[in-house]
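Asker: Curious how this folds, go ahead:
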Amino acid sequence: MNILVTGGAGYIGSHTCIALLNAGYSVIIADNFTNCNRETVNKIVDITKKKLHFHEVDVTNERSINEIFKRYKLDGVMHFAGHKAIGESLEKPLNYYYNNVVSTLVLAKACLKYNVNRFIFSSSATVYGDNKTPFVETMTLLPTTNPYGETKAMSERILVDIANANPQLQISILRYFNPVGAHESGLIGETPNGIPNNLMPYVTQVAKGKLKRLKVFGNDYATVDGTGVRDYIHVLDLADGHVAAFQNTSSGARIFNLGTGKGTSVLELINAFEKANGIKIPYEITNRRSGDIASCYADVSKAKRELDWEAKRDIVSMCKDSWRFEQNLKENTF
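Answerer: Numbers count the residues shown, from 1 in each chain. Down below sits the predicted model:
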């Protein structure tokens, strides 16, 4: 079966490509390297010892996407491509709305035109807004605190409406919580271009000496220690969740949380990293970051029940694998 993976050279997309190839699927990657390293494509091949097809395209380019759909007999699409930095989305909302929403529209239109019925969408727990945790898929979505979250919520609504109008479509919307970790080979992991937007790359940079100390954004939240609480999930577990979703599609649009169901604070993550790797992580408390909420973790019972999937790796594994990948980087990627 041929699967088009948009954003397949990115952090989550690349690990999912490995899981798909290892499960026997043929993979076609579409990526323009806006926020990833082109060498990642070669590393996917090195890890799996399997061939894949790659196209350097912008997924908002309808003509380019149609060419891919014409060239391959696709059995499904996994849509990862998109801008993902909450802070940047507050500064450049137009870029986020255009890139994230238009890419979804282009792909959905192509799926209908070329009779590709399976569609897996990369969404985010950000769509829940400031709902009370744990987040459950049936919750009414509150207004999100940032344009990034709004682009995901809008894309979700578009896909649900399209599925309602086209019964042959089988759409799975996967709401991620906080992916961390790296492949156990140490060859691929999170390597954003420019300044990292997520916590773990900052932690590993401090551990390696690239940064003097970690900035902790706020310690006055109503949480266990005042710092933000998130549901951290190993990226390999997340990748396995995508394979499970593709193998368990059904008519219509279904929504699943992909997380561990457990919350970990920033200070708890720092402590886990120090214990797992024997490295001290100096940090300083700074002001809250605009768009952040106090606590975010998942109710994951639906994914376990309907997809027969659950996260298996713990926070220690996430910290060890992240550090192994950072140590293997030959140069300052950021």
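Asker: how about low-confidence regions in the stretch 51-200 of the chain?
Answerer: Within the stretch 51-200 of the chain, the ranges that satisfy pLDDT under 70 run 192-196.
Asker: Okay, strands next: where are they in it?
Answerer: Across the stretch 51-200 of the chain, reading from the start of the chain, the strands by DSSP state E, counting those that start in this stretch fall at 53-56, 76-79, 118-124, 170-176, 178-180.
Asker: Out of those, which gets nearest to P93?
Answerer: Nearest to P93 among the strands of the stretch 51-200 of the chain is strand 118-124 (16.0 Å), distances taken as C-beta to C-beta. The way it works is simple: take the backbone N, C-alpha and C, and place the C-beta from them, glycine included.
Asker: ok, back up a step: switch the strands of the stretch 51-200 of the chain over to a markdown table; also include distance to K320 and mean neighbour count.
Answerer: Formatted as a markdown table, the entries for the strands of the stretch 51-200 of the chain read as follows, by distance: least, C-beta to C-beta, whole Å; neighbours: other C-beta atoms under 10 Å:
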| stretch | distance to K320 | mean neighbour count |
| --- | --- | --- |
| strand 53-56 | 30 | 16 |
| strand 76-79 | 27 | 26 |
| strand 118-124 | 25 | 23 |
| strand 170-176 | 21 | 23 |
| strand 178-180 | 11 | 25 |
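Asker: show me the contacts for L267.
Answerer: With contacts defined as C-beta atoms under 8 Å, 6 or more residues apart in numbering, L267 is in contact with 216, 225, 227.
Asker: should've said Y96
Answerer: By C-beta under 8 Å, 6+ apart, the residues touching Y96 are 83, 88-89, 147-148, 151.
Asker: ok, the nearest residue to it once chain neighbours are set aside to T60 distance?
Answerer: For Y96, the nearest residue in space outside its immediate sequence neighbours is S89; the separation is 4.4 Å by C-beta to C-beta, 6 or more residues apart in numbering. When distances are taken as C-beta to C-beta, to the nearest Å, S89 and T60 turn out to be 16 Å apart.
Asker: Pull the contacting residues for T48.
Answerer: Contacts were defined as C-beta under 8 Å, 6+ apart; by that measure T48 touches 18, 21-22.
Asker: What subset of those residues is buried?
Answerer: Under a neighbour-count criterion of 16 or more other C-beta atoms under 10 Å, the subset of the contacts of T48 counted as buried comprises 18, 21.
Asker: any idea how far the nearest residue to F217 once chain neighbours are set aside is from V101?
Answerer: Excluding its sequence neighbours, the residue lying closest to F217 (C-beta to C-beta, 6+ apart) is R289, at 4.0 Å. Between R289 and V101 the distance is 24 Å, computed by C-beta to C-beta.
Asker: Between these two, which has more neighbouring residues?
Answerer: The neighbour count for R289 versus V101, taken as other C-beta atoms under 10 Å, is higher for V101 (18 against 14).
Asker: quick one: the more buried one and M154 touch, right?
Answerer: Yes. In terms of C-beta atoms under 8 Å, V101 counts as a neighbour of M154; the distance is 5.4 Å.
Asker: for H242, what are its contacts?
Answerer: With C-beta under 8 Å, 6+ apart as the criterion, the residues that contact H242 are 16, 19-20, 78, 120, 174.
Asker: May I have the predicted confidence score for it?
Answerer: Looking at H242, its pLDDT is 98.
Asker: That one belongs to a strand?
Answerer: No. Applying DSSP: H, G, I helix; E, B strand; the rest coil, one finds H242 to be helix, outside a strand.
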